[in-house]
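# Need a 3D model of the following:
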Amino acid sequence: MKYYNVIFLDGVRRFMQKLDGRIAEKILFVVAVAQQKKDPKFFKKLKGEIWEFRIRHMGVQIRLLSFWDNSNVRESLVVIAVGFIKKTDKISKDEFVKAENIRKKYFEENGK
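The predicted structure follows:
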């Protein structure tokens, strides 16, 4: 059972294209698994309206910052807004602010 649908915004697609193909495949795999399981190991709330997908592949930690679009009553949608390689224990404030700004712009542009 799929709990929600997922879209990758253009910036995240470009980020994934720059990665090794195996890492990009792992990202798609983890997102697909997270859609079917409610497991904070893969997808968890950070703060405010921002959530993160957590991917680890061969020592590389990838984070995809996301948000929910529940404007469609029939289906929940997770919008993946920012992708980056995590180098420290904490999520960079800049990456978080970037995700928040993309979220605001997304809802403004889509009239939601």
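
# how about the helices in this protein?
Listed in chain order, the helices of the chain (DSSP state H) span 10-17, 21-36, 93-109.

# contacts for the shortest one?
Applying CB atoms under 8 Å, 6 or more residues apart in numbering, the contact partners of helix 10-17 are 8, 24, 27, 64, 80-84, 102. All C-beta spots, glycine's among them, are computed from the backbone N, C-alpha and C.

# Next, format those residues as a markdown table and append neighbour count, distance to residue 108 and pLDDT.
Output for these, formatted as a markdown table (neighbours: other CB atoms under 10 Å; distance: CB to CB, whole Å; pLDDT from 0 to 100):
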| residue | neighbour count | distance to residue 108 | pLDDT |
| --- | --- | --- | --- |
| 8 | 20 | 20 | 97 |
| 24 | 18 | 30 | 93 |
| 27 | 22 | 27 | 95 |
| 64 | 26 | 22 | 96 |
| 80 | 25 | 18 | 97 |
| 81 | 25 | 14 | 97 |
| 82 | 27 | 17 | 96 |
| 83 | 24 | 22 | 95 |
| 84 | 17 | 24 | 94 |
| 102 | 21 | 11 | 96 |
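
# would a markdown table of these with distance to residue 14 be doable?
Listed next are the contacts of helix 10-17 as a markdown table, based on distance: CB to CB, whole Å:
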| residue | distance to residue 14 |
| --- | --- |
| 8 | 10 |
| 24 | 12 |
| 27 | 13 |
| 64 | 13 |
| 80 | 12 |
| 81 | 13 |
| 82 | 11 |
| 83 | 9 |
| 84 | 12 |
| 102 | 13 |
